[in-house]
Structure formats: structure tokens, C-alpha cells
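**Student:** Sequence and computational prediction follow.
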Amino acid sequence: HAGIVIDITGVSSPGDFASMVEGREIKVIKEGHLPAAPLVSMGRLLTGADDGQWIEVEGLVHSAVTKGGNVTLNVAMSDGTISATTVEEEGRDYSRLIDATVRMRGSVAPFYTKNRQLTGVRLFFPNLTQVTILEPAPADPYALPVRPIDTLLQFTPNIAFLHRAHVRGRVTLQRPGQSLCIQDAKDGLCVQTAQDTPLAMGDVVDVVGFPAANQYTPTMTDAVFRRMSAAGPVAATLITAEQALRGDHDAGLVQIEGRLIGLDRAAHDPALVLSSGNIVFPAVLPSEGPAHSIPAWREGSKLRITGICSVQTDAKVTTAGEGSTPPQSFRVLLRSTRDVTVLESPSWWTAGHALVVLGLVFAVTLAVVGWVFVLRHRVARQTEVIRRQLV
């Protein structure tokens, strides 16, 4: 167990990242105690200098995942997130650590490539005795006050970590085990969640998660939710592509009209490409079935699509600017193919069809000219035969 003093006899090895010893014999010397652990940052750990060392980190626990007899805690430090794994102890409630501020002691282990290059780090810790709770988590996260969506990530002084927030809204999109979008009286919010409890469109739900920066409006990570009541589906707001680019409807349920100019069936999430005026934008379908099950919408069709507006930004423009983050593009997240309505089918007389018709006309013209040439040749031959007979 952790703390025992041992002798290891073995052979040195270059290891997969740093040097190591392949043990041949382990001899217990005596009982001992774990050494003092220096408090380190993620920036320090990512240098690789502490590989295999006994260290301490401080952060906020975001999740506790049990799998294969192990428990992995994801801990948000002040300068990054680290995962810490231990062997599951029977009768222990690891979920009580979620949203607790802790100090954790463990051994650093690297993630690396086949070229022995560092890509990240994690911790291994013996048991919960190596976890010190500095600030306990709320007993009931749903007892936290409900906040309006538009207050997330606004300036708050004198905080060390972003704790869980509690919001309430009606369901506008669900991809079970991946994401959930809701809308309150004013704004929309899409969160990351591993929970796959099925919901109906319009259900009123409470969502608890850790606020995090997203492309434009905030999101939540490691979110959980519970259904409060049923309600009718949320009415979509009809907007133009120009209005979508202003960012006012990000994460909200919208309707937009546009001309279909392409369809990518090969992508993991198939996408329609539409144009409206001078703006081109994609509408992304969930990968809910084979690509051949997607209706054969014709290019040039005028469509009305209903889905979640997702604004994209350009990090270079934001960094070089004055601090304000301007929208650069947007996409629409569709719930299913039923979110696509054909308003107008394209005219049959397209450039492609015109070329086909011209080709047919040209072929017929050549055939007629050829037939006339053959007839003239036959008439000439027949006339020559009659002339010789008369002579």
C-alpha cells in the first residue's frame, strides 16, 4: 500500500516517455509514510519535468466517472484541467466531490506519442485519504438559485473557480449523451452532458453545470438535468441570415429561408449548404441513420429550416481587436429531416438541362443532315443509272 518503503531490483529502460526500471524483484523494507508533496500548476506539469513525482494540485472537481473498477475525477485547476484516477473503494460516494474545491496528492503520469513526445498528463492517487476538501460541494445542486441564462459568465469579482450554476428552460434540442439545448424567456443555451435521459421538445428542465466560454455565447460543461414538467414545443423565431450574423439569436430556436446549393452526405453529421443573399451557411443534420435515408432535396430548391442557431467566431480577429468578439459565420443545428420544409422547387430549365437539350438538338440536326446527304447520294446514283439506260 502507499507509504511502504521497498527495494526494487530490475533493469533500466528508456521507457515510453522518460527512463524507467523494469522490476524483477520487490522487497518490502519497512512501513513508512508518503513524503511531502509540492503544490504545482498545470503549466509546470506540462513541462514533463515532474514525470513520476509525488505532487499536489488544487482545483475544482467537475466530474467523477466510474469505469472498470476505477474512478476518474476531472479537476479544473486555475490554469487547466487534469484527470486523476484511483481504484474504486466499496461504499465510497465519489459524486459528493463534484463542485468541491480540493487539494489532491498523487503521482504524475504522462500522455505521449509514439515518438516519446509529451501530449498531456494525469494523476494516479492511492485513495480518498489523499484528497483534502477545502470547500465542500452543495448538498443538493438543484437547490442553488435559478439564474437567467444571460447572466452566465458576466463579470464577478473575487472568485477563484467557476462553480456550478443552475438554469431553467424549455427543451429545443437533445442529442442524448452529448448535448442539450434549452431556452428561457429571453435566451438560448446549449450544454455538454453525458446524461441520456430522454426528453420531449418543450419540456421544462432544470440544468446544473459549470459555465464555460464557447464560440460566442456561454455553454456549460459536465451538466446534469432533471425534467420538471411537460409543455408545448417552443415556437421558432423567423429570422434572416443577416440577423443570424448579428449574434442576437445564438443558441436560440430559429427559422431561416435559403436556396439549397449543396448536400454533404459523406460527413459524420450530414450538412445542407444554403445561400441567402450573399451569405452561405450550413444546416447540420444529426447522424441518426444511413445517408441514403436523407430525402433527395434538389439543388436550387427554396427551403425553410428550423433549428438551433450556432454562431462561429474568428479567434484571430478577436485577439487583434479591442476585446469585443464579433460573429463571423453561423450554422443551424437541425433536430431531424422534419425540420426542413420545401417552399419552392427549382425550375426544370437549368443550365445542366439546357446543355442536355442543346446536345439532343445538335444530335438530331446531325442525323437530319446525314440523312439528307444519304438521300441526295441515292438520288444521284439512281439518276446516273437511268441516264445510262437511256443512252
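**Tutor:** Sure thing, it's come through.
**Student:** rest of the way, CA atoms for contacts and neighbours
**Tutor:** OK.
**Student:** From His62, how far off is Arg122?
**Tutor:** Arg122 is 15 Å from His62, where distance means CA to CA, to the nearest Å.
**Student:** of the two, who's got more company?
**Tutor:** His62 (24 against 20; other CA atoms under 10 Å).
**Student:** Which stretches in the stretch 251-391 of the chain count as helices?
**Tutor:** Ranges of helices within the stretch 251-391 of the chain are 315-320, 351-390, based on DSSP state H, counting those that start in this stretch.
**Student:** Ramachandran angles for the nearest residue to Lys114 once chain neighbours are set aside?
**Tutor:** Leaving out its chain neighbours, the residue that sits closest to Lys114 by CA to CA, 6 or more residues apart in numbering is Asp16, at 7.8 Å. Main-chain dihedrals, Asp16, degrees, to the nearest 10: phi -90, psi -20.
**Student:** that older thread, out of the helices of the stretch 251-391 of the chain, the one nearest Gly300 is which?
**Tutor:** When these are compared by CA to CA, helix 351-390 sits nearest Gly300, at 11.5 Å.
**Student:** Now do the closest one: which elements does it pack against?
**Tutor:** Here helix 351-390 touches no other helix or strand, going by 3 or more CA pairs under 8 Å, 6 or more residues apart in numbering; DSSP states H and E.
**Student:** What strands flank the strand or helix carrying Ile26, and is each parallel or antiparallel?
**Tutor:** Element membership for Ile26 (DSSP states H and E) is strand 20-30. Sheet pairing for strand 20-30, assigned by DSSP bridges, gives strand 5-13 (antiparallel).
**Student:** what residues does the strand it pairs with touch?
**Tutor:** For strand 5-13, contacts defined as CA atoms under 8 Å, 6 or more residues apart in numbering pick out 19-32.
**Student:** Make JSON lines out of those residues and add distance to Ser345.
**Tutor:** Conversion of the contacts of strand 5-13 to JSON lines gives the following (distance: CA to CA, whole Å):
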{"residue": "Ser19", "distance to Ser345": "67"}
{"residue": "Met20", "distance to Ser345": "68"}
{"residue": "Val21", "distance to Ser345": "71"}
{"residue": "Glu22", "distance to Ser345": "70"}
{"residue": "Gly23", "distance to Ser345": "73"}
{"residue": "Arg24", "distance to Ser345": "75"}
{"residue": "Glu25", "distance to Ser345": "77"}
{"residue": "Ile26", "distance to Ser345": "77"}
{"residue": "Lys27", "distance to Ser345": "80"}
{"residue": "Val28", "distance to Ser345": "80"}
{"residue": "Ile29", "distance to Ser345": "83"}
{"residue": "Lys30", "distance to Ser345": "83"}
{"residue": "Glu31", "distance to Ser345": "81"}
{"residue": "Gly32", "distance to Ser345": "80"}
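**Student:** I'd like those residues laid out as CSV, including distance to Leu118, pLDDT and neighbour count.
**Tutor:** Formatted as CSV, the contacts of strand 5-13 follow (distance: CA to CA, whole Å; pLDDT from 0 to 100; neighbours: other CA atoms under 10 Å):
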residue, distance to Leu118, pLDDT, neighbour count
Ser19, 14, 89, 11
Met20, 16, 90, 14
Val21, 19, 92, 13
Glu22, 21, 91, 13
Gly23, 24, 87, 12
Arg24, 27, 89, 9
Glu25, 29, 94, 9
Ile26, 29, 94, 11
Lys27, 32, 95, 10
Val28, 33, 95, 10
Ile29, 34, 95, 10
Lys30, 35, 95, 10
Glu31, 34, 92, 11
Gly32, 32, 90, 11
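**Student:** which residues sit in contact with Thr219?
**Tutor:** Counting by CA under 8 Å, 6+ apart, Thr219 makes contact with Leu189, Cys190, Val191, Gln192, Pro211, Ala212, Ala213.
**Student:** Just the buried ones from these?
**Tutor:** Among the contacts of Thr219, the ones that count as buried by 16 or more other CA atoms under 10 Å are Leu189, Cys190, Val191, Gln192, Pro211.
**Student:** Please list all residues in contact with the nearest residue to the last one once chain neighbours are set aside.
**Tutor:** If I follow you right, that is Pro211. Excluding the flanking residues, the one nearest Pro211 by CA to CA, 6+ apart is Met220, at 4.4 Å. The contact partners of Met220, taken as CA under 8 Å, 6+ apart, are Cys190, Val191, Gln192, Gly209, Phe210, Pro211, Ala212.
**Student:** show me where pLDDT drops low in the stretch 151-300 of the chain?
**Tutor:** Scanning the stretch 151-300 of the chain for pLDDT under 70 picks out 288-292.
**Student:** where do the strands sit along it?
**Tutor:** Assigned by DSSP state E, counting those that start in this stretch, the stretch 151-300 of the chain shows strands spanning 165-175, 179-183, 188-192, 204-212, 219-229, 237-238, 253-264, 271-276, 279-284.
**Student:** closest one to Thr365 among the ones you listed?
**Tutor:** When the strands of the stretch 151-300 of the chain are compared by CA to CA, strand 253-264 sits nearest Thr365, at 34.2 Å.
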